[in-house]
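Novice: just the structure for this:
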Amino acid sequence: MVLHVAQIPGGTSDATILKEMVRYQISRISDDAANPEIDIDVRIENLELENERMAKDMRNRIYATAAPYVLAAASRLGVTCEVPLSSTFGRTAASTLRTLLGIERDAFDLGEDPIIAASALFSRFGISPVDGRVPPLVRISDVIEAAVEGQTAEMRRKLRCTGNIAIELLGDIPLELLTEQATGLLLDLSRLPKLHGKKHGKNRHRSEGVTLTKREEIALADACDARTFDTISALSDLSLAQKRARVSEELVPRIAHTNLERHLDRLHQLLRCAKAKCGYTGPVKLMTYTDLARLMKAANEDLRAANELFARATKPKIRLRWAGERIKTLLTSPIYRGSFSRSRRTRTGRMIFRDALYWVPLILLTMGTRVTEVLQLKTRDLLRRDHVFCMRLCWSAEQDGKTRESTRIVPIPQLLIDLGFVEWIKSLADDPDTLLFPEIMKVKPDQPADILSKRFLTVRENLDIKDYNEDFYALRKTLSSALWRGGVSREDRQMIIGHASDTTIGKHYTDADMASLKELLDQADHRIEVTTATRHRHPVIKDCTLVARRLASAEVVLDESGNLGAVRIKDDVSGRSILALDIRGSDMPAVPRWRGIETVTRRTGAEAAADLVSEFHIKTPSRREHRDAWEHFLALASYCSEATHFRNQA
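Specialist: Have a look, this model is predicted:
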């Protein structure tokens with residue numbers, strides 16, 4: 001990839017080009033000085049003639065003699081520079097070249113070591129010889145393969161991903177240029193869609209799909225966002241705050257800031273590896289996290305100044321514990337009560353299929369394991385220790401764990417025992433190597449969690465309990481929260497779910513008292529009731545009482561100031577509107593066209609909301625801006641209720 005100097009993000013400095021000229025020429029001189037086939041007398045004569053010609057040109061302020069050397073150095077770097085050279089750059093280049101000619105002449109005439117003779121130039125341009133030799137020109141591709149040696153499969157994949165993206169966006173440039181182009185690279189990375197790298201058009205009807213370059217993916221996402229800005233900006237019935245809230249939901253999600261930091265970390269890892277293994281002698285740090293944050297803030301402020309609706313949509317994954325209503329909906333769904341068929345699990349029927357889709361969510365919720373850990377289980381991993389049933393996780397060589405702490409033994413909680421989990425394992429087969437969930441492992445052995453996660457996503461969508469931050473993996477956090485409510489210490493919670501622990505028992509808990517650990521696990525009360533079903537010949541879930549009140553949803557409209565301007569509460573079961581309010585005095589372009597909407601003061605509306613909160617379990621809006629406005633409204637409702645109570649007392 002050849003760029004004009006002025007087009008390179010951050011610019012390629014004159015010093016970088018001269019540094020490459022010095023590096024290359026000293027390396028060449030060292031090789032030539034050791035070559036017995038070169039005629040020394042002829043070489044010395046040619047060098048003296050060239051030196052005299054350059055001295056004459058420099059006296060006349062002509063620097064064209066240095067231009068070929070400069071252009072050759074720029075070409076090796078993968079950039080171009082303007083000719084004729086500017087007077088300042090030309091004078092510096094010609095002076096440096098004359099010094100190089102002197103070093104070469106002394107190497108042939110006096111037998112001096114070019115590396116030693118060039119020490120002053122090396123110091124000036126930051127070149128450090130390695131084992132008595134000039135360091136090579138290391139490119140990004142050179143260091144990628146060196147960096148992945150000895151790494152885990154996951155880290156190899158991540159390092160290659162970052163390195164290959166850098167090559168695609170910048171070209172296979174020398175590492176010396178990476179520092180100067182880091183700003184542009186990270187800005188381009190920030191524009192990548194969250195789902196970059198996926199094949200466009202790939203689905204069950206067109207299995208191949210189309211692979212786009214990173215530049216094409218960025219351009220496609222930018223075009224989609226431009227259409228979104230134009231469409232929402234033209235809506236006259238929405239407030240500016242409402243437009244911004246809507247825009248943030250409809251823009252193409254780009255990679256999160258945390259992902260940018262991870263890419264920056266891996267670039268630093270590549271540079272450190274290049275210094276340790278490849279003879280690279282340049283800087284090993286491009287910028288700090290603080291520098292990156294300032295860079296992104298400045299870039300976003302510039303874009304926001306040009307477009308009042310601008311927002312950088314990232315959708316970072318902030319895993320939250322599952323809300324009680326979602327747990328209740330899942331555990332009382334046809335999956336656990338009786339479904340129509342194996343392919344229609346959320347449609348009510350008479351059959352219960354105890355497979356991965358049935359057991360794995362329960363195991364994550366009650367044992368805190370990772371998805372892959374569970375899917376790799378075999379019947380031999382069922383143990384009985386300290387008079388309690390346990391599962392052995394990530395124990396054999398083929399069962400990969402995410403961390404060293406993944407290899408552990410966890411007691412089976414009483415809820416799973418009551419539901420017949422142990423008896424189900426015993427009924428599978430006599431072969432100890434039988435997989436518990438072969439229907440998942442055999443489809444995609446290297447990434448089984450992806451298969452089950454997609455199937456579970458379909459279930460959540462059909463049950464209307466899909467939430468971006470409350471995904472499959474968040475069930476582990478739900479258990480941790482339940483253990484916390486049960487009074488279990490932080491160290492014990494980390495030990496159970498397989499996180500690193502500083503305590504002695506945390507580091508060696510495979511030898512811990514399983515009976516005591518089971519008591520800790522059983523303190524997580526999910527309020528699940530189990531009963532015996534004659535029809536199914538095994539225990540089933542009768543009910544989940546985490547949420548006793550009826551479920552309802554809040555729909556919020558923001559005013560120009562970002563406050564709640566209107567709200568509608570709908571019954572989740574019947575779908576009917578329970579309450580629809582327009583807050584008097586709110587600065588909104590238009591009032592929502594809701595049936596039966598009433599215009600009330602903010603105080604009266606807050607009191608009405610307080611009455612509903614005591615009768616219904618109202619689900620929080622998913623959009624952050626709407627959630628903040630709704631929760632503030634509820635706080636006002638609580639204040640109004642308490643103020644009324646105190647006035648009545650008085």
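
Novice: can you tell me how far L579 is from A548?
Specialist: Distance of L579 to A548, given as C-beta to C-beta, to the nearest Å: 20 Å. For every residue, glycine as well, the C-beta is placed using N, CA and C.

Novice: compare the two (neighbour count), which wins?
Specialist: Neighbours around L579 and A548, counted as other C-beta atoms under 10 Å, are more numerous at L579. The numbers are 21 against 9.

Novice: what's near enough to touch that one?
Specialist: 567-569, 608-609, 612 (C-beta atoms under 8 Å, 6 or more residues apart in numbering).

Novice: ditto for R28
Specialist: By C-beta under 8 Å, 6+ apart, the contact set of R28 is empty.

Novice: measure it to A118 for me?
Specialist: From R28 to A118 the distance is 12 Å (C-beta to C-beta).

Novice: ditto for M391
Specialist: 65 Å.

Novice: looking at the two, which is more packed in?
Specialist: Legend: neighbour count by other C-beta under 10 Å for M391 and A118, higher for A118 (27 against 24).

Novice: quick check: the gap between the residue nearest to the more buried one when sequence neighbours are not counted and V79.
Specialist: Spatially, and ignoring its direct neighbours in sequence, A118 is nearest to I26 (4.9 Å; C-beta to C-beta, 6 or more residues apart in numbering). According to C-beta to C-beta, I26 stands 21 Å off from V79.

Novice: do R455 as well
Specialist: 50 Å.

Novice: again, but for K454
Specialist: 45 Å.

Novice: any idea how far L377 is from the residue most central in space within the chain?
Specialist: Nearest residue to the geometric centre of the chain (C-alpha atoms, centre = their mean): N259, 4.3 Å. Counting by C-beta to C-beta, the gap between N259 and L377 amounts to 31 Å.

Novice: now the strands for the stretch 551-650 of the chain?
Specialist: Here the stretch 551-650 of the chain has its strands, by DSSP state E, counting those that start in this stretch, at 564-571, 577-583, 598-600, 616-619.

Novice: Serialize the ones you listed to CSV and add fields for mean pLDDT and distance to L18.
Specialist: Below are the strands of the stretch 551-650 of the chain laid out as CSV (pLDDT from 0 to 100; distance: least, C-beta to C-beta, whole Å):
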stretch, mean pLDDT, distance to L18
strand 564-571, 92, 63
strand 577-583, 92, 67
strand 598-600, 92, 74
strand 616-619, 83, 64
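
Novice: which of those sits most buried?
Specialist: Mean neighbour count, computed with mean count of other C-beta atoms under 10 Å, is highest for strand 564-571 among those, reaching a mean of 22.

Novice: ok, and what's touching that strand?
Specialist: Residues contacting strand 564-571 (C-beta under 8 Å, 6+ apart): 239, 550-559, 576-583, 586-588, 591-592, 594, 597, 605, 609, 612, 616, 618, 629-630, 632-633.

Novice: neighbouring strands - and their directions - for it?
Specialist: When pairs are called by DSSP bridges, strand 564-571 turns out to pair with strand 550-558 (antiparallel), strand 577-583 (antiparallel).

Novice: low-confidence ranges, the stretch 151-300 of the chain, go.
Specialist: Scanning the stretch 151-300 of the chain for pLDDT under 70 picks out 199-209.

Novice: and for the stretch 1-150 of the chain?
Specialist: Using pLDDT under 70, the stretch 1-150 of the chain drops low at 1-12.

Novice: all helices for it, in order.
Specialist: With DSSP state H, counting those that start in this stretch, the ranges of helices along the stretch 1-150 of the chain come out as 14-33, 40-59, 67-77, 87-109, 114-117, 119-125, 140-147.

Novice: pipe the ones you listed into JSON lines and attach distance to R337 per row.
Specialist: Shown next, in JSON lines, are the helices of the stretch 1-150 of the chain (distance: least, C-beta to C-beta, whole Å):
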{"stretch": "helix 14-33", "distance to R337": "68"}
{"stretch": "helix 40-59", "distance to R337": "90"}
{"stretch": "helix 67-77", "distance to R337": "67"}
{"stretch": "helix 87-109", "distance to R337": "78"}
{"stretch": "helix 114-117", "distance to R337": "79"}
{"stretch": "helix 119-125", "distance to R337": "74"}
{"stretch": "helix 140-147", "distance to R337": "52"}
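
Novice: mind checking which of these is nearest D302?
Specialist: Proximity to D302 (C-beta to C-beta) singles out helix 14-33 among the helices of the stretch 1-150 of the chain, at 27.1 Å.

Novice: for the closest one, what is the distance to the chain centroid?
Specialist: Distance, stretch centre to chain centre, for helix 14-33: 41 Å (C-alpha atoms, centre = their mean, to the nearest Å).
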